[in-house]
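>>> Quick check, what structure comes out for this input:
(chains A and B)
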Amino acid sequence: MPTGLFHSTYKDDEKIFQAIWLKCWMGGLLLFLFVGLPFIAPALSGIFGFSVQHMANMIGIYIIGAHGLNLLTGFTGQISLGHGAFMGVGAYTSAILFMKAGWPFWLSLPAAGLVTAGVGMIFGVPSLRLRGLYLAIATMAAQFIIGYAMRNWTSLTGGSGGLNVDRPSFLGFALDTDLHYYYLILVLAIVSTVFLKNLLRTRTGRAMVAVRDRYLSAEIMGVNLFKYRLLAFGISSFYVGVAGGLFAHYNLVVSDEHFTMWLSIQYLAMVIIGGLGHVLGGIFGTIFMVLLPEVLRIPTQILSNIYPNIFAIFGTLRELVFGLVIILFLIFEPDGLAARWHTIRAYWKLWPFSY
Amino acid sequence: MAQLEVQDLHLSFGGLTALNGVSLAVDPGEIFAIIGPNGAGKTCILNCICRFYHPDKGKILFEDRDVTQLASHKVAGLGIARTFQNIELFRGMTVLDNIKLGAHVHLRSGFLSGGFYWGKARKEEVKLRREIEERIIDLLEIQAIRKKIVGTLPYGLQKRVELARALAMQPKILLLDEPMAGMNLEETEDMARFILDINEERKVAIVLIEHDMGVVMDISDRVSVLDFGTKIAEGPPEEIQHNEYVINAYLGGSDAAFSKLGF
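Residues are numbered from 1 along each chain as shown, chains lettered A, B, ... in the order given. Here you go, the predicted structure:
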């Protein structure tokens, strides 16, 4: 059992994982994600009745996007209802560059991020003046404008029929199966998490959190509010744009129906349920939001087999329970799953002398 | 030569005149106190210096440079730091992060090197940590709370953290807006000691707004008295204590007034 930390250099005290057992846990988790999960995924799929590998891929993609929104909303304090559309910008950019312009995948994916960052920053300009609900409405405009462009700019986006996209290859390695694609997503999700964590413990991230907590005194400390608000929009949109690019090549078809207001709200739900302002929040919230509907499907299916003639009712019941669980979570854990995680960890740290 | 000079400052909000031609000059290395009843315009002067308020007329010179038209966030780079009357800390951040943010203008790393924690950012962070620990946390005796979230700390300690954050800006002049407000005797004495230490060791000029006359008369080199947006007296503490105008206009010529001025 750990009894305390004794650092002899400031460098040690600045590390993320300060204790050896934490590093061991992280190593174990990485080993599981890289080797264990792909290995047991087929067996689990058989038990649960849905493709676990596919779920893992979707979670990975959405974690990247949720990190992006968490940086903007959780850490910089600026709400956005346009992230669903920004993800669409990333998806279309990568798809068009890859399919029509013939760019290689390793170029089209970062390009998707950069283009989305640019678009996000344009729609982030009102953030200098607007805050809270007003900014939410202003970013909602992005959702409608971009959605309209996706539907009607037929020559570029293929209109409401959408675009077909091929699975890419990366450095000569064909990413044609879910498993191959899983490794790409996993690496990018880990990189995005580490980048976010590092950003927040250095100059830029600190300034962003300061802008969230008290923007007036941040200005006194020499923080250029406009620069950091815009930068937060840029980095956040980059994240969600990369997520969009990954989604396009994974889903094999992009259309405007994937990137509606509903997706923006789902992103917001992910970071709120996971925990605004916690790096772990994006991860926990995404897992929760993606897995819960699938898990709820299991009892509905069993019940439908027993009472086949009231199948439709169970379908609605599932949606109802989904909504109810979210409401109950917000009531009993308003700081999100990440806060609950910290409470549990603090409890076990002192166990069995936790009084 | 004065380090900070306020020349004929006028400020009004609609029909309400907050400052009516105030001039001050703070010399390098001195402790300059501004006193006056509530609403006299003391904080308004600081807000003009920090560019929160735009004076209708008048000039503010820092080291002979006109700062009246500067953007708010650029004032920090000149070496002007301040604390606030109502604590304005970043409540969700740790004490250490709050202090680190004070050094924002002295750091150079961008978001890319920060995000990858590579090269410049890493070196800068470790160096910054050492400086903060050795120059600020030790001085202000806040070692025990360095990793606490600021919002959970008691009031007296928050005031101290705010001073620490201002110090991290490596200021040439420090504007303190009621640093002792709401403190008990012991905390007030600690704070006065810190202010004197900072003033002597770092040669930082200090502008002090404070209602605790005992402290003001004890530690300041010069005192300026404001009333209704005009300066009614200025001079060394002994002189102010005996100034007829001050006793009458600001404190009311009663016996209670004499005791307030530290007799």
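>>> Residue 32: what's it in contact with?
Using chain A. For A:Phe32, the contact set (Cβ atoms under 8 Å, 6 or more residues apart in numbering or on different chains) is empty. Every residue, glycine included, has its C-beta placed from N, CA and C.
>>> Can you look at chain B instead?
Taking Cβ under 8 Å, 6+ apart, we find B:Phe32 in contact with B:Leu24, B:Val26, B:Ala205, B:Ile206, B:Val207, B:Leu208, B:Ser220, B:Asp221, B:Arg222, B:Val223, B:Ser224.
>>> Tell me the residues on the stretch 101-250 of chain B that lie near chain A, please.
Counting by Cβ under 8 Å from any Cβ of the partner chain, the stretch 101-250 of chain B comes close to chain A at B:101-102, B:104-105, B:107, B:109-111, B:113-117, B:121, B:124-126, B:129-130, B:133, B:165, B:169.
>>> Can you list which of the residues you listed are found in helices?
Among those, the residues falling in helices (DSSP state H) are B:101-102, B:111, B:113-116, B:121, B:124-126, B:129-130, B:165.
>>> In the residues you listed, find the pair that's most separated.
The most widely separated members of these are B:Phe116 and B:Arg165, with 27.0 Å between them, by Cβ to Cβ.
>>> I figured B:Leu175 hits B:Phe84, correct?
No - at 9.6 Å, B:Leu175 and B:Phe84 do not qualify as touching, with contact defined as Cβ atoms under 8 Å.
>>> Specify which residue of these two has the higher count of neighbours.
Between B:Leu175 and B:Phe84, counted using other Cβ atoms under 10 Å in any protein chain shown, the more crowded position is B:Leu175 (27 against 22).
>>> And the more buried one, what's its pLDDT?
pLDDT, B:Leu175: 95.
>>> and if you look at the one 4 residues further on?
The model reports B:Pro179 with a pLDDT of 92.
>>> go on, A:Arg297?
As predicted, A:Arg297 sits at a pLDDT of 81.
>>> In chain B, mark out all the strands, start to finish.
Counting by DSSP state E, chain B has strands at residues B:4-13, B:16-26, B:31-35, B:57-62, B:65-66, B:80-82, B:173-177, B:205-209, B:222-227, B:230-235.
>>> ignore the last one, the stretch 151-300 of chain A
Taking DSSP state E, counting those that start in this stretch, the strands of the stretch 151-300 of chain A run over residues A:163-164, A:169-170, A:173-174, A:253-254.
>>> Note down every partner strand of the third one and its orientation.
So that's strand A:173-174. strand A:169-170 (antiparallel) (DSSP bridges).
>>> for the record, mean pLDDT for the strand it pairs with?
On average, strand A:169-170 scores 78.
>>> can you give me the offset of that strand from its chain's centre?
Its chain's C-alpha centre and that of strand A:169-170 lie 23 Å apart, by Cα atoms, centre = their mean, to the nearest Å.
>>> Stretch B:123-139 too?
22 Å.
>>> And it, what's buried?
Neighbour-count burial for stretch B:123-139, counted by 16 or more other Cβ atoms under 10 Å in any protein chain shown, picks out B:Glu124, B:Glu125, B:Val126, B:Leu128, B:Arg129, B:Glu131, B:Ile132, B:Glu133, B:Arg135, B:Ile136, B:Ile137, B:Leu139.
>>> Could you do stretch A:201-220 as well?
Within stretch A:201-220, the residues that count as buried by 16+ other Cβ under 10 Å are A:201-215, A:217-220.
>>> so after the strand or helix carrying A:Tyr92, what's the next helix or strand?
Counting by DSSP states H and E, the element that carries A:Tyr92 is helix A:83-99. Downstream of helix A:83-99, the next assigned helix or strand under DSSP H and E is helix A:105-124.
>>> Run the contact check for stretch A:230-238 versus chain B.
Yes - Stretch A:230-238 comes into contact with chain B (Cβ under 8 Å from any Cβ), by way of A:Leu231, A:Ile235.
>>> pLDDT (mean, whole number) over that stretch?
Rounded mean pLDDT across stretch A:230-238 is 96.
>>> what sits up against it?
With Cβ under 8 Å, 6+ apart as the criterion, stretch A:230-238 contacts A:68-69, A:71-72, A:75-76, A:78, A:80, A:83, A:86, A:89, A:113-114, A:116-121, A:123-125, A:127-128, A:199, A:204, A:208, A:211, B:111.
>>> at 7 Å instead, please
The contact list for stretch A:230-238 (Cβ atoms under 7 Å, 6 or more residues apart in numbering or on different chains) reads A:68-69, A:71-72, A:76, A:78, A:86, A:113-114, A:116-117, A:119-121, A:124, A:127, A:204, A:208, B:111.
>>> how about that stretch: buried residues?
A:Leu230, A:Leu231, A:Ala232, A:Phe233, A:Gly234, A:Ile235, A:Ser236, A:Ser237, A:Phe238.
>>> now, among the residues you listed, which is nearest to A:Ala269?
Using Cβ to Cβ, A:Ser236 is the member of the buried residues of stretch A:230-238 that sits closest to A:Ala269, with 16.6 Å.
>>> Hmm, A:Asp256 is touching A:Tyr148, no?
No - the pair A:Asp256 / A:Tyr148 is not scored as a contact, 8.8 Å apart, by Cβ atoms under 7 Å.
>>> Can you name the helix or strand that A:Cys24 falls in?
Going by DSSP H and E, A:Cys24 is in helix A:20-31.
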